[in-house]
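>>> Here is the input, now give the coordinates:
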Amino acid sequence: MNTTSANDSADAVADLLAANLSTASRILTSAAELAAYQQNCEGSQAQTSIVVSIGSQQDILTVLKLASDHRNTKVPFVIHPISTGRNWGYATARANNHQAVILDLSRLNAIKCDDETLGIFTVEPGVTQQDLRDYLNHHQLKFMVPVTGAGPGCSILGNALERGYGITPYPDHFAAVNSIRGYLADGTRFRSAVAELDSSDDDFIDKTYKYGLGPYLDGLWTQSNLAVVTEISLRLKAEPEAFSAFYLQFASEHQFEQAQQIAFTILQKLEGVVGSVNIMDQRRVTAMMAPNPNGPAAHQVMTNQQVARLAKDYDIPAWTIAGTLYGQKSVVKAARAEVKRFTGGQCSKMIFSDSWLINIGRSLLQLMPAAVLSKPRKMLSSLDGGIAIMRGYPNQVALPLAYWRNPRVQPTTNQPLNPAADGCGLLWYAPLVPMRSEAMRRFIGHVRAICPKYGIEPMITFTSLKHDTVDSTIPIVFNLADPEAVAQAKACLDELVSEGLKQGWVPYRLNLAQQASLLKADQPFWQISNKIKQALDPDNIISPGRYQPGYQTPGSDLQP
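Coordinates of the predicted model:
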């Protein structure tokens, strides 16, 4: 399609929408209005011509009906719904199809407390981690927000639908979702069979019992393009009586196997008391604590000597275990004793967040001028930010990692951070790995062999999903303004994935390019998925190409 006809088509769509939508919604078409939706961390030359900022759920239905009625309106278009568009490193706010109308649902931000004793809440797409925290604080409700490191401005609903996870007591965020409601492409409003059978004035049971009645359909609305989700009901964890974060440090690289076994034992023996557990290597912690010694513009891996110097300056060990204990005071006290017993003197240092040493350190630094002991002060600030995350209080403590190779913006946590708007380069390699030391050690070698070939810092984190499986989140951080660095970062991710698949390390999420290249339409799973798509969305109106192998269109950003 040439530029003139594309512009004419976009104008026709905008006119159709303007004639039918309520004044609650806004149609954005100017370059200035669209700029925020085209910014991304993945190095894509994103294009979009129209964004509809939805102001009412009724307008979602109107948009879907107009798209479905294209044979009568003679104005065909497709849509791509987003919650807040802050899907850093996977797609940000981009659609596969350049011609898709972005359906921005971020202004739909209602929160309803369905039961303040049981902790059941219903949220719309625009409800962010900070929105939910503010709501709980305002109403004096003692529950924990299912936070992530992506920042306070990210959607609760969007993260759950991507099957994201965190480090609080309900680490699997989709597992905490009990009901999902929204619209199919033809405008059909969907809800569970329980809700449809319930003839009372209160559909509370639907919001408390996850699996409903009959075939379980809610899973279809996650990591898919089958519907526009307008609300989820989820269970929040009550704030515990007692909390303690623990940090176990291992000085030697050769102690990884010991660290892994200790983490495994804690997860297996203290299930229900311990939250998620992270194992981080020295380079990952260094990038969180120290400035890039090569400068943020350099596409260059730290030398071992540089890492050793920074590790000494900031007291960073070869491996760090970070975990959390929640529960009654007596339970947490007993669990702390068990963590010490499981560790058995094998680590070089053991720190608990509620220890007298940490509390004294805070008190002393408060009495000193801000310029004094800057490194310990930064370390304590990072520690406190991590503890706040573990307690369900969103913050930006993890976001500066995205800026590590950004020569244009130096992040400060006292101002809002937006990696896409600030020009950060970020991709994620997030494979699932068995919780076995041999497999995890091979994976470490895999990352450390491949990343440096492409100038990418090999920073490793293992996050426990259960005691038998971990997800390793490998941040591929690069200078987005350097075309060669962008190409190297993408090539690095491609090799990490392709070689990792041979070992059985399959990512739990894929970005748009990976969906197009890795997923095969002739495989039985995707044949079934495409049959469902054909049944529910025969005109391919909603997010064409998203987790949909075989999709091709001249307007597509990504060709399979």
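>>> Now do the strands for the stretch 351-500 of the chain: every range, in order, please.
Ranges of strands in the stretch 351-500 of the chain, per DSSP state E, counting those that start in this stretch, are 424-429, 432-434, 461-466, 469-472, 474-479.
>>> which one of those strands has the lowest average pLDDT?
Looking at those, the lowest mean pLDDT belongs to strand 461-466 (a mean of 88).
>>> shaky segments in the chain?
Residue ranges of the chain with pLDDT under 70: 1-6, 355-383, 552-560.
>>> Now tabulate the strands of the stretch 351-500 of the chain in JSON lines and tack on distance to Tyr454.
Yep, even glycine has a C-beta here, placed from its N, CA and C like the rest. As requested, these are arranged in JSON lines below (distance: least, Cβ to Cβ, whole Å):
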{"stretch": "strand 424-429", "distance to Tyr454": "11"}
{"stretch": "strand 432-434", "distance to Tyr454": "21"}
{"stretch": "strand 461-466", "distance to Tyr454": "19"}
{"stretch": "strand 469-472", "distance to Tyr454": "18"}
{"stretch": "strand 474-479", "distance to Tyr454": "9"}
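>>> Reformat the ones you listed as TSV; add distance to Ile232 and mean neighbour count.
Shown next, in TSV, are those (distance: least, Cβ to Cβ, whole Å; neighbours: other Cβ atoms under 10 Å):
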stretch	distance to Ile232	mean neighbour count
strand 424-429	23	25
strand 432-434	24	16
strand 461-466	20	19
strand 469-472	22	20
strand 474-479	27	25
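>>> helices and strands around whichever strand or helix holds Gly158, which ones?
According to DSSP states H and E, Gly158 maps onto helix 156-161. With contacts defined as 3 or more Cβ pairs under 8 Å, 6 or more residues apart in numbering; DSSP states H and E, helix 156-161 has these neighbours: helix 129-138, strand 228-235.
>>> Tell me which of these is the most buried.
Of all those, strand 228-235 carries the top mean neighbour count, a mean of 24, counting by mean count of other Cβ atoms under 10 Å.
>>> And the strands in the stretch 101-250 of the chain?
Assigned by DSSP E, counting those that start in this stretch, the strands in the stretch 101-250 of the chain fall at 101-104, 111-115, 120-123, 143-144, 177-183, 189-190, 228-235, 237-238, 242-250.
>>> okay, the first one in PDB with CA atoms only?
In other words, strand 101-104. Extracted in PDB, the C-alpha atoms of strand 101-104 (Å, rounded to 0.1, in the frame of the first residue of the first chain):
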ATOM      1  CA  VAL A 101      -5.700   1.200  15.700                       C
ATOM      2  CA  ILE A 102      -4.200   1.300  19.100                       C
ATOM      3  CA  LEU A 103      -6.900   0.900  21.700                       C
ATOM      4  CA  ASP A 104      -5.500   2.600  24.800                       C
END
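>>> Which neighbours in the sheet does it have, and how are they oriented?
strand 51-53 (parallel), strand 79-82 (parallel) (DSSP bridges).
>>> for the third one, same thing?
According to DSSP bridges, strand 120-123 has the following sheet partners: strand 111-115 (antiparallel), strand 228-235 (antiparallel).
>>> Kindly reformat these as a markdown table containing distance to Leu310.
Shown next, in a markdown table, are the strands paired with strand 120-123 (distance: least, Cβ to Cβ, whole Å):
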| stretch | distance to Leu310 |
| --- | --- |
| strand 111-115 | 42 |
| strand 228-235 | 40 |
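>>> And the ones you listed: which comes nearest Ser464?
Closest approach to Ser464 among these (Cβ to Cβ): strand 228-235, 20.5 Å.
>>> how near is the nearest residue to Thr413 once chain neighbours are set aside to Ser25?
Excluding the flanking residues, the one nearest Thr413 by Cβ to Cβ, 6 or more residues apart in numbering is Gln396, at 5.0 Å. Separation of Gln396 from Ser25 (Cβ to Cβ, to the nearest Å) stands at 30 Å.
>>> Which residue is the nearest non-sequential neighbour of Lys186?
I think there's a mix-up here, since residue 186 is Asp and not Lys. Closest to Asp186 by Cβ to Cβ, 6+ apart is Ser68, at 5.2 Å.
>>> Apologies, that question was intended for Ala193.
The shortest distance from Ala193 to any non-neighbouring residue, by Cβ to Cβ, 6+ apart, is to Leu213 (4.2 Å).
>>> picking that back up, which residues are in contact with the helix holding Gly158?
Residues external to helix 156-161 that are found in contact with it (Cβ atoms under 8 Å, 6 or more residues apart in numbering): 82-84, 86-87, 123-125, 127-129, 131-132, 145-146, 148, 150, 173-174, 176-177, 221-223, 229, 231-232, 234.
>>> Switch the strands of the stretch 101-250 of the chain over to CSV; also include distance to Ala18.
CSV is the format used below for the strands of the stretch 101-250 of the chain (distance: least, Cβ to Cβ, whole Å):
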stretch, distance to Ala18
strand 101-104, 12
strand 111-115, 30
strand 120-123, 29
strand 143-144, 41
strand 177-183, 21
strand 189-190, 25
strand 228-235, 20
strand 237-238, 44
strand 242-250, 52
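>>> Out of those strands, flag the one nearest Leu217.
strand 189-190 (7.7 Å).
>>> and the residue located most distally from the centre of the chain, how far is that from Tyr183?
No residue in the chain sits farther from the centre than Asn72, which is 39.8 Å out by Cα atoms, centre = their mean. Applying Cβ to Cβ, the value for Asn72 to Tyr183 is 19 Å.
>>> next one: Leu518
Distance of Leu518 to Tyr183, given as Cβ to Cβ: 29 Å.
>>> Arg408 too?
40 Å.
>>> Can you report how many residues lie near Arg341?
10 (other Cβ atoms under 10 Å).
>>> Use 15 as the first number from now on
With the count now opening at 15, the last piece we talked about shows up as Arg355.
>>> how far away is it from Glu245?
45 Å.
>>> what do you get for Asn239?
For Asn239, the distance to Glu245 equals 19 Å [Cβ to Cβ].
>>> Okay, and Ser344 sits in which element?
In this assignment (DSSP H and E), Ser344 forms part of helix 343-357.
>>> Dump the strands paired with strand 115-118 to a markdown table, plus mean neighbour count and distance to Cys127.
Shown next, in a markdown table, are the strands paired with strand 115-118 (neighbours: other Cβ atoms under 10 Å; distance: least, Cβ to Cβ, whole Å):
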| stretch | mean neighbour count | distance to Cys127 |
| --- | --- | --- |
| strand 65-67 | 22 | 26 |
| strand 93-96 | 25 | 25 |
